[in-house]
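Colleague: model this:
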Amino acid sequence: MTRRIRTPGLLIVSVESHWFAPLWIERAPGRRPGNTVWLFYSRRTTGPAWTLYHTEGLPETDPAVNSMPLASHLRAGHMTGTNQLPRGVAVTPTRPAAAQQLLRPQQQLRAATADAPAVTVDQTLNPLVASLSVSKTMALTDLARSMKESGIDVIGLAAGEPDFDTPEEIVEAGIEALRDGFTRYTPNTGTSNLRQAICNKLKVDNGLDYSPDEIVVSNGAKQAIWQGLLATVSPGDEVIIPAPYWVSYPEMARLANAKPVVVNTTPDQGFIMMAQQLEAVLTPRSRLLILCTPSNPTGAVYSLEQLQAIAEVVSRHPRLLVMSDEIYESICYPPAQHHSFAALPGMWERTLTVNGFSKAYAMTGWRLGYLAAPKHFAKAAAAIQSQSTSGASSIAQQAALAALALGPKGGKPVSQMVSAFEERRDYVVQRLKQIPDVKLAEPQGAFYVLPDMSKFFGPGVEARGYGPIPDADALCMYLIQQAHVALVPGDAFGAPDCIRISYAASMATLKEALDRLERALQPDVFSRQQ
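Modeller: Got it, this is the predicted structure:
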């Protein structure tokens with residue numbers, strides 16, 4: 001589906017979930033007589049290169065009413081593919097002054113496009129890769145960044161990372177590693193010192209006994225999840241995923257040639273999967289249950305009793321393993337408490353525990369996570385890593401040692417960040433509850449809230465001065481255009497009635513964002529046609 005947003009001097013286009021913002025669009029002669037080339041100039045935020053979207057074969061009149069074949073997609077002057085744009089792309093031939101200053105080499109790009117010889121390349125993709133969806137979290141974050149670069153005051157509450165700086169002790173350890181020349185390859189599974197420190201942390205904080213050869217340090221917790229999943233599931237196996245879920249779980253399952261089986265939960269049940277719901281979906285093909293507590297995107301925290309009930313079900317199914325994603329374990333708000341699934345009776349042998357340093361220690365850019373698992377599973381995950389990325393950054397590993405040295409549960413620096421997150425949680429929840437027709441389950445951990453916003457969209461719903469709002473995607477696009485607040489539609493998390501708001505931002509930023517949302521969501525703005 002192709003959509004458009006008009007903002008001052010900016011056109012935002014979505015093609016197959018890829019968002020980009022052309023700085024301007026202009027017309028040039030095509031390679032064939034009588035043809036016209038429409039040039040979409042855009043800077044992709046995922047890299048430094050200018051991207052030129054080039055379409056050929058359009059008549060010279062009104063391109064908005066024609067199907068637009070995307071003849072080539074150039075990045076830094078290299079042809080990378082062909083595609084087909086659906087009908088309905090609207091173009092605005094404007095040139096903001098900022099764009100004129102930023103994009104000097106337009107003539108060279110245009111000449112390269114017009115003069116390039118026609119080349120036919122087999123562009124077949126692996127069917128598993130071709131079926132993957134792009135992360136909407138990243139897409140909306142990139143879109144907000146692109147709009148900011150164009151001079152629009154956008155508040156981004158889409159990304160899932162703390163807004164705090166990495167604690168000074170950790171930063172200094174990284175700097176010291178650089179100065180000491182600790183810049184070479186480390187063992188594939190991580191340095192022995194770090195793996196031992198992780199074992200100590202798991203013993204003290206989580207009541208779990210692991211040896212260093214049962215720890216695999218990786219380039220972020222996402223890699224640890226992927227390697228653990230790939231090591232344990234076979235083609236056709238089922239991966240059980242409670243919804244709402246982190247966006248990558250189902251896609252990772254599909255990429256491993258497994259079948260994601262989604263178990264829906266609701267705000268009324270606190271977004272907690274009940275044991276009987278798990279029992280109802282299990283089959284002989286069920287291989288892996290993925291649990292995330294505290295949860296992204298809901299902030300739900302499973303109680304000990306709820307986990308024990310799930311463990312009882314798991315124990316009756318010999319093939320069933322559990323992936324316990326505990327990356328948010330430190331961010332819990334009393335009276336909620338975190339409990340590691342592997343610490344439950346009989347569950348250590350079945351559980352692959354994933355954790356890392358990104359969320360608790362504000363180390364998202366350091367890219368460091370780990371998998372703790374029985375030796376045969378850890379060995380398999382390590383083998384995958386050895387043939388893909390090899391070991392994680394040596395500098396990040398030294399910094400992680402300093403992080404773990406801060407004390408149990410991250411010590412004072414982490415405690416201070418968690419207190420700030422709790423204050424923000426309370427404020428955001430209180431403000432959202434004041435907006436009519438917003439329904440939410442109060443989060444008990446992490447730094448997200450997932451309100452049910454279904455009263456603001458659906459068949460026949462329109463926003464004054466904007467147009468139809470058929471779904472949560474459209475609502476988020478309305479909010480980023482009208483309120484200049486970037487949020488993530490809930491269907492990315494298996495919750496199509498919801499949107500995700502990250503409150504990993506300063507109180508001043510949250511206040512301004514909620515003020516904007518409150519104005520944009522006034523009841524008299526929306527109408528429903530019968």
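Colleague: remind me, longest helix of the chain?
Modeller: helix 411-433 (DSSP state H).
Colleague: please work out the average pLDDT along that one.
Modeller: Regarding helix 411-433, the rounded mean pLDDT is 97.
Colleague: got it, and stretch 332-350?
Modeller: The average pLDDT for stretch 332-350 rounds to 97.
Colleague: for stretch 460-471, measure first residue to last.
Modeller: 11 Å (Cα to Cα, to the nearest Å).
Colleague: list the buried residues for that stretch?
Modeller: Residues of stretch 460-471 classed as buried by neighbour count (16 or more other Cβ atoms under 10 Å): Val461, Glu462, Ala463, Tyr466, Ile469, Asp471. Bear in mind the C-beta positions are built from the backbone N, C-alpha and C, glycine included.
Colleague: show me the helices in the stretch 251-400 of the chain, by range?
Modeller: Using DSSP state H, counting those that start in this stretch, the helices of the stretch 251-400 of the chain run over residues 275-281, 304-315, 375-386, 394-404.
Colleague: following element in sequence after the longest helix of the chain, please.
Modeller: Counting by DSSP states H and E, the next helix or strand C-terminal to helix 411-433 is strand 448-449.
Colleague: could you name the helices and strands sitting against that next one?
Modeller: Under the contact definition 3 or more Cβ pairs under 8 Å, 6 or more residues apart in numbering; DSSP states H and E, strand 448-449 sits against helix 411-433, strand 499-502.
Colleague: could you list the low-pLDDT ranges of the protein?
Modeller: Of all residues in the chain, those with pLDDT under 70 make up the ranges 1-118, 137, 530.
Colleague: returning to that earlier point: out of the helices of the stretch 251-400 of the chain, which one sits most buried?
Modeller: When those are scored by mean count of other Cβ atoms under 10 Å, the highest mean neighbour count falls to helix 394-404 (a mean of 23).
Colleague: which residues are in contact with that one?
Modeller: With Cβ atoms under 8 Å, 6 or more residues apart in numbering as the test, helix 394-404 has contacts from 166-167, 169-174, 176-178, 182-186, 190-191, 193-194, 197-198, 200-201, 217, 357, 361, 363, 366-368, 410.
Colleague: then that helix to PDB, C-alphas only?
Modeller: Provided in PDB are the C-alpha atoms of helix 394-404 (Å, rounded to 0.1, in the frame of the first residue of the first chain):
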ATOM      1  CA  SER A 394      36.600  -6.500  22.700                       C
ATOM      2  CA  ILE A 395      36.000  -2.900  23.900                       C
ATOM      3  CA  ALA A 396      32.300  -3.600  24.700                       C
ATOM      4  CA  GLN A 397      33.300  -6.700  26.600                       C
ATOM      5  CA  GLN A 398      35.700  -4.700  28.800                       C
ATOM      6  CA  ALA A 399      33.000  -2.100  29.400                       C
ATOM      7  CA  ALA A 400      30.500  -4.900  30.300                       C
ATOM      8  CA  LEU A 401      32.900  -6.100  33.000                       C
ATOM      9  CA  ALA A 402      32.700  -2.600  34.500                       C
ATOM     10  CA  ALA A 403      28.900  -2.700  34.300                       C
ATOM     11  CA  LEU A 404      28.700  -6.000  36.200                       C
END
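Colleague: please report the distance of the residue nearest to Ser248 when sequence neighbours are not counted from Leu406.
Modeller: In space, and not counting its chain neighbours, Ser248 is closest to Lys222: 6.5 Å by Cβ to Cβ, 6 or more residues apart in numbering. According to Cβ to Cβ, to the nearest Å, Lys222 stands 23 Å off from Leu406.
Colleague: sorry, back to before: out of the buried residues of stretch 460-471, which are inside strands?
Modeller: Cross-referencing those against strands under DSSP state E gives Val461, Glu462, Ala463.
Colleague: will you turn the residues you listed into CSV that also has distance to Gln308?
Modeller: Formatted as CSV, those follow (distance: Cβ to Cβ, whole Å):
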residue, distance to Gln308
Val461, 43
Glu462, 48
Ala463, 46
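Colleague: which one of those is nearest Met147?
Modeller: Lowest distance from Met147 to these (Cβ to Cβ) belongs to Ala463, with 18.9 Å.
Colleague: need the contact partners of the longest helix of the chain.
Modeller: Here helix 411-433 has contacts from 162, 164, 167, 169, 299, 330-333, 360-362, 406, 409, 438, 440, 442-443, 447, 449, 451, 501, 503-505, 507, 510-511, 514, 518, using Cβ under 8 Å, 6+ apart.
Colleague: re the thing from before, how about the buried residues of stretch 460-471, which pair is most distant?
Modeller: Tyr466 and Asp471 (14.0 Å).
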